[in-house]
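Visitor: dropping the sequence and predicted coords here.
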Amino acid sequence: MTRLLITGGTLLDQHGERPGAVAVVDGRISEVAASIEPGDGDDVLDATGCIVSPGFVDLHVHLREPGKEEAETIETGSRAAALGGFTAVVAMPNTDPAHDSVSVVQFVRAQGEAAGLCEVLPSGCITVGRAGEQLAPYGELAAAGVHLFTDDGNGVQDPLLMRHALEYAGPLGVVLAQHCEVAALTKGAVMHEGACCSTLGLPGWPSIAEELMVFRDIELVRLTGVPMHFLHLSTARSVQLVRQAKADGLPITAEAAPHHFTLTDEMLTGYDPLFKVNPPLRTRADIDAIKAGLVDGTIDAIATDHAPHAPHTKEEPLDQAPPGMLGLETALALAITELDMPLAAIVAALSWQPAAIAGVADRHGRPIEVGEPANLTVFDPSLEWSVVPAQFASKSRNSPYGGRTVTGKVRHTVFRGTAVVRDGAATR
Amino acid sequence: MKHLLSISDLTPDQIHHLLELTDHMVEVSSRPIPKVPALRGKNVVSLFFEDSTRTRTSFDTAAKRLSADTMNFAVSSSSVNKGESLRDTIETISAMGVDAFVVRHKSSGAPQMITRWTNASIINAGDGWHQHPTQALLDCYTIRTGLNRRDGFDGLRIAIVGDIKHSRVARSDVQAFAALGAHVTLVAPPTLLPPSIDDWPVDVSHELDPLLPHLDVLYLLRVQRERMDDALLPSLHEYSTMYGLTAARSARLAPHALVMHPGPMNRGVEMVVDPSELPGSVILNQVANGVAVRMAVLFWLLGEGSDLTRSEIAS
């Protein structure tokens, strides 16, 4: 068995930072030392100038398969994930058919295994067909390995149903993840409700539509004691609500997407659907609050909400175009470029913290130690590069960052002991 | 200037220039044969993705008076109904050789989007709740002539009353009236105002009656029945009671004050009195001025290289 050597880098995990080399044999870390001399037949990955960290885990990706393979497939999305440094991704359930049956989640998992670029973790629906009316079969889905349940794209509107969902799911040890949006307040909404939408003549998506559901669900967690995760928080008040809930000791976690700490609603001034996303881009004050939430740990994870859309759909007028933007291949760079946080904290929010929420802390986001599964990311934290969506591995091109210069790029990604990304290129 | 997408694209000087050009077009329109060769050989395509009678007809008449070739592309008879995308529609028609598209679309921003896919000039004939710039220009022209304010609107007090939130006319008029120096007050219940207008150059009032004696222009907007569905209004009757122009309210207007409406009117809602009995009503002047303003806009965007003197237009 060929030994894989990662040499010349700085190791960074939950135990801190130190210069070091890592040897990998048969999918597991076989040696960790200040330096390891390459032997004959060793496959060497040069990590000079790079950070070697546990692989990243994205709690929130849309891989579009089954149903919208013209926008993304599990294979192309997995490749984009690997290039972004992710060794595991949670696939959102809003496919066609949705992830509300064992056969669909088994299909998604199998397609991920066939691609072999990262571990694809199918989420399950909270309700059948994400219709908000009938509980999905959590027990069967949990037995099939599903850990995170969500109707993402839709919030669960009915408070009674949400209460029962939490109560029923509690003993199964799974986590329910809410897309926080009170739909009655966002009918026809295209962008953040504020000064920009008023001038542009577009229906607004008010912050309170998110915050009311965050508040409701915090109280349901208080009532039931069952853990809950909040997807893509976008407003300052939401961050504050979660901060208080955590201070109260409630079992709540939260994520934020890079675009919500990077872009404001003013980007919509040109009516370009590339900037349409749900929840919408908000204000500078909201961005500052999201950043503060990441810094103080109120927000546990950076999750991309990678949402590929076929190019022609993003050429519809703004109110008709689907919401969502690509995220997998730019997340690390945007975090390094935009966040005033130590690298260790950024990696924590990209790796072991989301790994715990996704229920994969036994194999992803592990410390870099002998015997651990070799899911590792090697990235250059100071490499400047220019975002060119046409070069993405994703099948779609709907990144709002085209032409932007960012700092930080993945050099190698090791998944189950294999270099699936080598020198910035996918190997399979 | 290549396109006319929004009043905010225009400087006050450019607005004045277009209004002066409109004077020439009014003169042309008053001739026994109201037609000049200024845009001979230019192809103007009307692309109406949303129903409109008066705006489409007005642009069509304007283009014909300038001798442009015109083509009407109504959505009901087009391939859009067969699922053709906006981009493909634009690129296909552009390939036939188009100098200007006159675009009406239910989606805010659609005319701006279209500029990506064609070299033709885009004239916004109304997009969603966003803008209707030629309406604002014809409204300015109507006020300018009606109140004899050729030099601008400094000191004029204008109230725009009604469903501001959903109105492209209001968004355009606010920018145009303010650019020319008017003091604009928006009058509506809070539910019919946009969510955040702190940076708009306007005052806001939820009452019409105290303003009436001080107004130079009372501009009424159409209030639609659909607004009851989202609980924005209790009833059209209540709206009419609070904001409708009744005989009693019109009697409180200053003698010189103008009453305007972009049409189509809701009789018995915002317009309770018969406008033909209102001495200050210039509603039909707005329609007549619409043709001349649209001639000015077409000439301004497409007549590059042409001399703007009267004789050239008259030749």
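Guide: Alright, I've got the coordinates. Numbers count the residues shown, from 1 in each chain, chains lettered A, B, ... in the order given.

Visitor: drop to CA atoms for contacts and neighbour counts, all remaining ones
Guide: Noted.

Visitor: any chance you could map the helices in chain B?
Guide: B:12-29, B:54-65, B:86-94, B:110-114, B:133-146, B:168-179, B:236-243, B:247-251, B:283-302, B:310-314 (DSSP state H).

Visitor: so how many other residues sit close to residue B:1?
Guide: 11 (other Cα atoms under 10 Å in any protein chain shown).

Visitor: A strand includes residue A:9, no?
Guide: Yes - Residue A:9 sits within a strand when classified using DSSP: H, G, I helix; E, B strand; the rest coil.

Visitor: for it, which non-adjacent residue is spatially closest?
Guide: residue A:47 (4.5 Å; Cα to Cα, 6 or more residues apart in numbering or on different chains).

Visitor: just residue B:73 next, same as before
Guide: That would be residue B:47: by Cα to Cα, 6+ apart, it lies 4.9 Å from residue B:73.

Visitor: go ahead and confirm the one you found touches residue B:103.
Guide: Yes - in terms of Cα atoms under 8 Å, residue B:47 counts as a neighbour of residue B:103; the distance is 4.9 Å.

Visitor: give me the more crowded residue out of those two.
Guide: Applying other Cα under 10 Å to residue B:47 and residue B:103 shows that residue B:103 carries more neighbours, namely 24 against 21.

Visitor: OK, contacts around the residue nearest to residue B:73?
Guide: B:72-75, B:101-104 (Cα atoms under 8 Å, 6 or more residues apart in numbering or on different chains).

Visitor: list the contacts of residue A:79.
Guide: A:117-118, A:393-394, A:426.

Visitor: with residue A:224 instead?
Guide: So residue A:224 contacts A:163, A:166-167 (Cα under 8 Å, 6+ apart).

Visitor: ok, the residues you listed vs chain B, which is closest?
Guide: residue A:163 (28.2 Å; Cα to the nearest Cα).

Visitor: just give me the neighbour total for the closest one.
Guide: Residues near residue A:163, counting by other Cα under 10 Å: 18.

Visitor: if we ignore the residues flanking it in sequence, what's nearest it?
Guide: residue A:220 (6.3 Å).

Visitor: can you tell me the SS state at that neighbour?
Guide: Under three-state DSSP, residue A:220 comes out as helix.

Visitor: these two touch, right, it and residue A:164?
Guide: No - the criterion here is Cα under 8 Å, and residue A:220 misses it with residue A:164 at 9.8 Å.

Visitor: secondary structure element for whichever residue of the stretch 1-150 of chain A sits closest to chain B?
Guide: Per Cα to the nearest Cα, residue A:70 is where the stretch 1-150 of chain A lies closest to chain B, at 16.7 Å. Using DSSP states H and E, residue A:70 maps to neither a helix nor a strand.

Visitor: would you check how far apart it and residue A:398 are?
Guide: 13 Å (Cα to Cα, to the nearest Å).

Visitor: again, but for residue B:255
Guide: From residue B:255 to residue A:398 the distance is 58 Å (Cα to Cα).

Visitor: so, low pLDDT: which residues of chain B?
Guide: Low-confidence segments of chain B (pLDDT under 70): B:76-82, B:305-315.

Visitor: let's see it at 90
Guide: Applying pLDDT under 90 to chain B picks out residues B:1, B:50-54, B:72-85, B:224-231, B:304-315.

Visitor: over to the stretch 1-150 of chain A?
Guide: A:1.

Visitor: name the nearest residue to residue A:141, ignoring sequence neighbours.
Guide: Closest to residue A:141 by Cα to Cα, 6+ apart is residue A:102, at 5.7 Å.

Visitor: tell me the phi and psi of the one you found?
Guide: Main-chain torsions, residue A:102, degrees, to the nearest 10: phi -60, psi -40.

Visitor: buried set for stretch A:236-251?
Guide: A:236-243, A:245-246, A:250 (16 or more other Cα atoms under 10 Å in any protein chain shown).

Visitor: give me the neighbour count for residue 14.
Guide: Since you didn't name a chain, this refers to chain A. Counted with other Cα under 10 Å, residue A:14 comes out at 18.

Visitor: my question was about chain B, not that one.
Guide: 12.

Visitor: who's in contact with residue B:162?
Guide: Here residue B:162 is in contact with B:187-188, B:192, B:220-223, B:243, B:270 (criterion: Cα under 8 Å, 6+ apart).

Visitor: tell me the domain boundaries of chain B?
Guide: As given by automatic domain parsing, the domain ranges for chain B are B:7-132+B:287-314, B:134-284.

Visitor: now distance to residue A:380 too, for the ones you listed, in CSV please.
Guide: Converted to CSV, the domains of chain B look like this (distance: least, Cα to Cα, whole Å):
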stretch, distance to residue A:380
domain B:7-132+B:287-314, 37
domain B:134-284, 43
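
Visitor: secondary structure class of residue A:48, three-state.
Guide: Assignment for residue A:48 (three-state DSSP): coil.

Visitor: the nearest residue to it once chain neighbours are set aside: neighbour count?
Guide: Nearest non-adjacent residue to residue A:48, counting by Cα to Cα, 6+ apart: residue A:8, 4.5 Å away. When neighbours are counted by other Cα under 10 Å, residue A:8 registers 21.

Visitor: surely residue A:8 touches residue A:21?
Guide: Yes - look at residue A:8 against residue A:21 with Cα under 8 Å: they come within range, at 6.4 Å.

Visitor: hey, what's in contact with both of the two?
Guide: Counting by Cα under 8 Å, 6+ apart, the residues touching both residue A:8 and residue A:21 are residue A:35.

Visitor: just the helices in the stretch 251-400 of chain A please.
Guide: Counting by DSSP state H, counting those that start in this stretch, the stretch 251-400 of chain A has these helices, from start to end: A:284-295, A:331-338, A:343-350, A:352-358.

Visitor: by contact count, what packs against the first one?
Guide: So the one you mean is helix A:284-295. Helices and strands touching helix A:284-295, by 3 or more Cα pairs under 8 Å, 6 or more residues apart in numbering or on different chains; DSSP states H and E, are helix A:236-247.

Visitor: from residue B:193, how far out is residue B:185?
Guide: The separation that residue B:185 has from residue B:193, given Cα to Cα, amounts to 12 Å.

Visitor: next: residue B:35.
Guide: 42 Å.

Visitor: where do the helices sit along the stretch 1-150 of chain A?
Guide: A:74-83, A:102-115, A:138-143.

Visitor: against which helices or strands is the shortest one packed?
Guide: Applying 3+ Cα pairs under 8 Å, 6+ apart, one finds that helix A:138-143 contacts helix A:102-115.

Visitor: other residues contacting the helix it packs on?
Guide: Applying Cα under 8 Å, 6+ apart, the contact partners of helix A:102-115 are A:65-66, A:74-75, A:78, A:97-99, A:118-124, A:140-141, A:144, A:146.

Visitor: who does residue B:260 form a beta bridge with?
Guide: Partner residues in beta bridges with residue B:260, using DSSP bridges, are residue B:219.

Visitor: thought it was touching residue B:285?
Guide: No - if you go by Cα under 8 Å, residue B:260 and residue B:285 don't touch, sitting 9.2 Å apart.

Visitor: so which of those two has more stuff around it?
Guide: residue B:260 (23 against 17).

Visitor: give me the phi and psi for residue B:51.
Guide: Dihedral angles for residue B:51 - degrees, to the nearest 10 - are phi -60, psi 140.

Visitor: and it, how many residues sit next to it?
Guide: For residue B:51, using other Cα under 10 Å, the count is 14.

Visitor: buried sites along stretch A:350-359?
Guide: Neighbour-count burial for stretch A:350-359 [16+ other Cα under 10 Å]: A:350-355, A:357-359.

Visitor: and that stretch, C-alpha only, in PDB?
Guide: Extracted as PDB, the C-alpha positions of stretch A:350-359 are listed here (Å, rounded to 0.1, in the frame of the first residue of the first chain):
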ATOM      1  CA  LEU A 350     -15.700  25.000   8.700                       C
ATOM      2  CA  SER A 351     -14.700  21.600  10.200                       C
ATOM      3  CA  TRP A 352     -15.200  20.100  13.600                       C
ATOM      4  CA  GLN A 353     -18.100  22.300  14.700                       C
ATOM      5  CA  PRO A 354     -20.300  21.500  11.700                       C
ATOM      6  CA  ALA A 355     -19.100  17.800  11.800                       C
ATOM      7  CA  ALA A 356     -20.600  17.600  15.300                       C
ATOM      8  CA  ILE A 357     -23.900  19.100  14.100                       C
ATOM      9  CA  ALA A 358     -24.000  16.700  11.100                       C
ATOM     10  CA  GLY A 359     -23.500  13.700  13.400                       C
END
